[in-house]
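Peer 1: Quick one: sequence plus predicted model below, questions after.
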Amino acid sequence: MRILLIEDDTILGAAVRDHIAAEGHSADWVGRLDRAREHLDAAPYDLVLLDLMLPDGRGIAFLRDLRRRGDVTPVIILTALDQISDRIEGLNAGADDYLTKPFDLAELSARLAAVARRYCGNPNPLVTLGQLEIDLATRTVLRAGRRVDLTQREWALFEALVQRPGQVISKAQLEDRLYAFGAEVESNTIEVHVSRLRKKLGAGAVETLRGMGYRLGDGR
């Protein structure tokens with residue numbers, strides 16, 4: 001996933017950014033709401049992690065404005081405000097989940113995955129594709145009963161396709177999901193990852209539609 005982290009605490013922000021990046025997600029981190037708006041206007045995001053108390057305003061107002069404009073990007077609030085009234089206000093403003101500080105990074109990962117699955121229309125983390133058994137929650141793949149080890153980038157690319165079965169995802173969209181702003185992406189990076197996925201998961205795991213992009217295959 002491509003994730004926008006809006007957090008002004010430098011220690012926490014760095015920890016969260018490094019954690020989600022280590023799990024293979026593309027992470028962009030900003031500490032102000034005006035910078036967050038610039039990022040959201042410039043690129044598509046799969047999910048936003050939003051602090052409520054920022055130097056240039058309140059996250060609740062920012063979230064309400066997003067929803068008022070019709071932006072349906074999933075949002076998880078990360079905040080030290082832990083009163084029931086704060087939770088209710090955040091959820092009523094359009095948040096998909098609410099996590100109070102301090103929190104465990106493993107729990108954050110689980111909530112990220114759960115929200116992503118809901119938005120993809122299938123909350124079940126278990127997916128069967130031909131000989132492949134995919135567990136989106138534990139980020140594991142079995143092929144004919146044997147575990148297949150994928151790199152972080154390979155998993156991120158494959159997950160993007162699994163979450164959108166039947167849909168064609170362009171090369172540019174996959175690059176957006178896999179790499180943060182400023183990252184250097186070689187022209188054949190996606191093709192290399194797709195080739196490696198086919199070797200590990202089978203030639204039918206990923207379909208190429210020339211001039212259009214890639215689509216989840218039938219797993220054969």
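Peer 2: Noted; the coordinates are in hand.
Peer 1: Counting by contacts, list what the helix or strand of the chain with the lowest mean pLDDT packs against.
Peer 2: Scoring the helices and strands of the chain by mean pLDDT, DSSP states H and E places helix 171-178 at the bottom, with a mean of 83. Contacts defined by 3 or more CB pairs under 8 Å, 6 or more residues apart in numbering; DSSP states H and E place helix 171-178 against strand 2-6, strand 26-30, helix 152-162, helix 189-201, strand 213-216. All C-beta atoms are positioned from the backbone trio N, CA, C, and that covers glycine.
Peer 1: May I see these arranged in TSV, with mean neighbour count, distance to Ala114 and mean pLDDT as well?
Peer 2: As requested, these are exported to TSV (neighbours: other CB atoms under 10 Å; distance: least, CB to CB, whole Å; pLDDT from 0 to 100):
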stretch	mean neighbour count	distance to Ala114	mean pLDDT
strand 2-6	24	14	94
strand 26-30	21	18	92
helix 152-162	21	14	88
helix 189-201	17	24	92
strand 213-216	20	21	93
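Peer 1: hang on, Leu99 is in a strand, isn't it?
Peer 2: Yes: under DSSP: H, G, I helix; E, B strand; the rest coil, Leu99 sits within a strand.
Peer 1: Contacts only, for it.
Peer 2: Going by CB atoms under 8 Å, 6 or more residues apart in numbering, Leu99 touches Ile76, Ile77, Leu78, Thr79, Glu107, Leu108, Arg111.
Peer 1: ok, what's across the strand from the fourth one?
Peer 2: Put plainly, it is Thr79. Counting by DSSP bridges, Thr79 forms beta bridges with Thr100.
Peer 1: who touches the least confident helix or strand of the chain?
Peer 2: With CB under 8 Å, 6+ apart, helix 171-178 has contacts from 1-2, 26, 43-44, 46, 153, 156-157, 160, 185, 189-190, 213-214.
Peer 1: Could you list the buried residues of that helix?
Peer 2: By neighbour count on 16 or more other CB atoms under 10 Å, the buried set for helix 171-178 is Lys171, Gln173, Leu174, Glu175, Asp176, Arg177, Leu178.
Peer 1: Specify which member of those is nearest to Tyr98.
Peer 2: Arg177 (24.8 Å; CB to CB).
Peer 1: Now do the strands in the chain.
Peer 2: Per DSSP state E, the chain carries strands over the ranges 2-6, 26-30, 47-50, 53-54, 57-58, 75-79, 97-100, 126-129, 132-135, 140-143, 146-148, 206-209, 213-216.
Peer 1: Any idea which of these has the lowest pLDDT on average?
Peer 2: Note on those: lowest mean pLDDT is at strand 126-129, with a mean of 86.
Peer 1: same for that strand, what does it pack against?
Peer 2: Looks like strand 126-129 contacts strand 132-135 (3+ CB pairs under 8 Å, 6+ apart).
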